[in-house]
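In: Here's my sequence, what's the structure:
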Amino acid sequence: MKNRYSSIRSLIAMILVIITVCGFGYKLFDIQIINNEYYSAQNNNVRVYKVPIEAARGDIVDRNGNTLVSNRQGNSIILDAAYFPSRTENHKRNEIIFNLIKLFEANSEEYVNNLPLLLQNGNIVFSDDEEEIKKMKSEEVFNLQKYATPQNCFDTMVEMYELEEYDTADALKIGAVRYELTTLLFSIENPVTIAENVKNETVAAIKEDKYRYSGADVKAVSYREYADSSLAPHILGTVRKINGEEYSELKDSGYGINDIIGESGIEAAMESELRGVHGEITVTIDSDGNVKEEVTKKPIKGNTVMLTIDRDLQRIAQEKLKETCDTIHSTDGAGAVVVQSINNGEILAAASYPTFDLKDYYENYETLAKNKRNPMWSRFALGAYAPGSTFKPMMACAALEEGVIDESTIFNCKSVWQYYDVEFHCENYKRHGNEDVRHALLDSCNIFFYNCADKLGITKMNEYSKMFGLGEKTGVEISEAAGILASPANAEKYNRVWQMGDAIQAGIGQSDNLFTPLQLANYCSTIANNGTRYESHFVKAIINSSNNSSEETSITVVENLPISDNTFSIVKEGMRMVAKDGPISRVFNTIDTPVACKTGTSQVIKNGKKVNNGFLITYAPYNNPEIAVASAIEYAGSGTSTSDITASIIDYYYSNNTDTPPAQESGTILD
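Out: A predicted model of the protein is given here:
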């Protein structure tokens with residue numbers, strides 16, 4: 001019996017041995033024959049990564065090729081995961097980061113700190129950044145409940161990054177850098193910048209001591225540089241690092257989590273052109289930990305954006321605007337001015353005051369944001385004003401075209417005009433007597449245009465207003481307001497009852513009418529060129545950085561107004577009389593270029609007091625119009641007060657354009 005059991009056990013053992021040998025044999029065959037390449041690669045353990053090389057942003061130049069925005073080279077300090085301790089080596093990571101922090105502080109360098117935790121009077125508190133606090137508590141970072149306290153967050157950070165050996169202040173500093181690595185998905189493919197624009201001595205220290213600062217490297221970076229950082233900030237705009245939401249939307253388009261993106265102005269509007277094409281470094285790490293880097297794709301700089309503005313004309317516009325605003329109101333003066341080519345819609349200059357400096361925009365952001373005068377707000381594009389009597393040339397066009405008046409129609413101005421049971425008054429209670437349309441424009445007679453408004457009605461008035469682009473966006477590339485046309489529908493929208501006299505008030509540019517200086521300049525241009533309304537634009541051409549070829553912005557005609565040349569001639573004669581014979585003539589008769597214009601005043605309530613804003617639309621020269629100028633000055637009292645700005649712009653424009661045509665022909669650009 002015993003021998004039989006022994007034989008069975010021996011048989012089973014033999015079978016198991018055979019199965020084992022066969023299994024090993026098959027595995028060996030699989031490794032050496034079937035999947036030889038795969039297992040050879042695994043054995044070599046070679047890892048390959050692609051790291052982006054930042055492309056320089058494209059330049060921005062004026063219409064004559066003068067550089068407005070370019071790039072300068074600077075140095076940033078990055079952490080490179082190929083040389084940095086792994087995430088399991090917290091103590092080594094913390095030691096290196098602490099060494100870097102001490103170097104930064106010794107050299108007065110700023111370094112990243114987006115961690116929304118602060119140390120105040122010995123207590124851990126949250127910063128004011130609600131979004132960052134939410135992100136810190138999220139599942140992807142500290143994975144805490146919404147109600148977690150600052151101390152809860154700090155304790156989690158200390159445990160997560162193993163910062164127990166550091167005091168609270170140092171733990172917060174190191175934790176801030178570690179937090180940056182976490183939120184920016186630190187990896188070999190994604191190095192993270194921890195200090196920007198550092199000094200040469202900082203660069204030298206890091207390069208000379210690779211052991212103490214292991215994993216830290218110096219990265220040459222392009223920073224935006226301005227030929228004059230005070231020039232045209234509302235047009236040029238700003239750039240900043242991409243935020244998380246934008247990254248989520250744009251990562252499939254090639255954006256990295258550390259990329260720079262246009263935030264406002266032309267920088268944002270022309271992002272696709274200004275943004276270059278990133279290059280690529282291929283990083284190879286072998287099984288012994290040796291790292292090899294090779295540039296496998298060179299970066300391509302972004303395209304150059306040529307603007308329609310003239311650098312020197314822009315400077316004159318800004319200087320004269322500031323001078324006028326400060327003279328009118330030393331503490332609260334504000335306004336805007338726009339210069340436009342009437343033959344193609346190009347904006348030659350556009351200024352807003354008060355203003356800001358692009359060079360220290362981010363350093364001064366909080367101060368700028370709290371400034372009650374809103375220096376960051378573009379008054380020429382976003383400021384919507386009641387236009388006052390600058391609306392009257394449009395009213396004259398509408399009334400003449402609709403046949404409710406002709407050039408000989410007379411309305412008698414007795415200072416007061418009775419409309420049912422409401423009395424309307426002429427400006428400053430003046431008694432103009434008999435007025436035809438030309439003299440009504442010269443005298444800015446309200447009574448004449450009250451009669452026109454009564455005969456036209458609000459629907460017909462708005463029909464013509466829209467033809468001239470009033471209450472509609474002009475088409476410029478940067479953000480702009482649409483403005484408002486007074487109407488029953490608009491009144492209802494704002495829970496206001498449309499009154500019987502509102503149409504009458506709208507006829508002189510009051511009621512709910514609100515237009516931007518950009519719209520006023522475009523409207524004036526349309527009158528000057530006898531009815532061709534162009535789309536306004538700031539971009540003249542795109543110059544390709546790869547082959548230097550140029551593509552000009554197409555000139556877009558929005559509408560050819562169905563208004564006769566005779567109507568425009570009558571209205572323009574009245575506007576010429578304003579410049580030549582009105583109160584404003586004291587300024588315009590002193591310059592060599594004959595102009596036509598219309599002043600305007602609108603009453604608004606500011607800080608509980610009634611004040612008058614002043615407006616002026618002008619085109620020049622009168623007989624062969626080339627440019628239009630629109631200005632809006634808060635607290636000015638009247639449009640006449642704004643005339644010095646316009647006269648200076650026109651005088652400068654023509655005195656500095658003696659060798660070349662004042663307005664370049666479309667289809668040509670300067671190399």
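
In: Roughly how far does residue 554 sit from residue 535?
Out: Using C-beta to C-beta, to the nearest Å, residue 554 is found at 9 Å from residue 535. All C-beta spots, glycine's among them, are computed from the backbone N, C-alpha and C.

In: Could you do residue 459 as well?
Out: 26 Å.

In: When these two are compared, which one has more neighbours?
Out: Regarding residue 459 and residue 535, a neighbour count based on other C-beta atoms under 10 Å identifies residue 535 as having more, with 19 against 10.

In: so what's residue 301 up against?
Out: 55, 56, 57, 58, 276, 545 (C-beta atoms under 8 Å, 6 or more residues apart in numbering).

In: CA atoms only: put stretch 395-412 into PDB for me.
Out: Output of stretch 395-412 as PDB, limited to C-alpha atoms (Å, rounded to 0.1, in the frame of the first residue of the first chain):
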ATOM      1  CA  MET A 395     -31.100 114.900 -37.000                       C
ATOM      2  CA  ALA A 396     -30.600 117.500 -39.800                       C
ATOM      3  CA  CYS A 397     -29.800 114.700 -42.200                       C
ATOM      4  CA  ALA A 398     -32.900 112.700 -41.200                       C
ATOM      5  CA  ALA A 399     -35.200 115.700 -41.300                       C
ATOM      6  CA  LEU A 400     -34.000 116.800 -44.700                       C
ATOM      7  CA  GLU A 401     -34.100 113.300 -46.200                       C
ATOM      8  CA  GLU A 402     -37.600 112.600 -44.900                       C
ATOM      9  CA  GLY A 403     -38.800 115.900 -46.200                       C
ATOM     10  CA  VAL A 404     -40.100 117.200 -42.900                       C
ATOM     11  CA  ILE A 405     -37.800 120.200 -43.600                       C
ATOM     12  CA  ASP A 406     -35.900 121.600 -46.500                       C
ATOM     13  CA  GLU A 407     -32.900 124.000 -46.500                       C
ATOM     14  CA  SER A 408     -35.200 127.000 -46.400                       C
ATOM     15  CA  THR A 409     -37.500 125.800 -43.600                       C
ATOM     16  CA  ILE A 410     -37.800 128.300 -40.800                       C
ATOM     17  CA  PHE A 411     -38.700 127.600 -37.100                       C
ATOM     18  CA  ASN A 412     -38.900 130.600 -34.800                       C
END
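
In: buried residues in it?
Out: Buried positions in stretch 395-412, judged by neighbour count with 16 or more other C-beta atoms under 10 Å: 395-402, 404-405, 407, 409, 411.

In: Restricted to helices, list those residues.
Out: 395, 396, 397, 398, 399, 400, 401 (DSSP state H).

In: In a markdown table, list those residues along with pLDDT and distance to residue 574.
Out: Output for those, formatted as a markdown table (pLDDT from 0 to 100; distance: C-beta to C-beta, whole Å):
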| residue | pLDDT | distance to residue 574 |
| --- | --- | --- |
| 395 | 98 | 11 |
| 396 | 98 | 7 |
| 397 | 98 | 11 |
| 398 | 98 | 14 |
| 399 | 98 | 12 |
| 400 | 98 | 11 |
| 401 | 98 | 15 |
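
In: which SS state does residue 594 fall under?
Out: coil (DSSP: H, G, I helix; E, B strand; the rest coil).

In: For the residue most central in space within the chain, which non-adjacent residue is spatially closest?
Out: By C-alpha atoms, centre = their mean, the chain has its centre lying nearest to residue 264, at 1.1 Å. With sequence-adjacent residues excluded and distances taken as C-beta to C-beta, 6 or more residues apart in numbering, residue 264 is closest to residue 237, at 3.9 Å.
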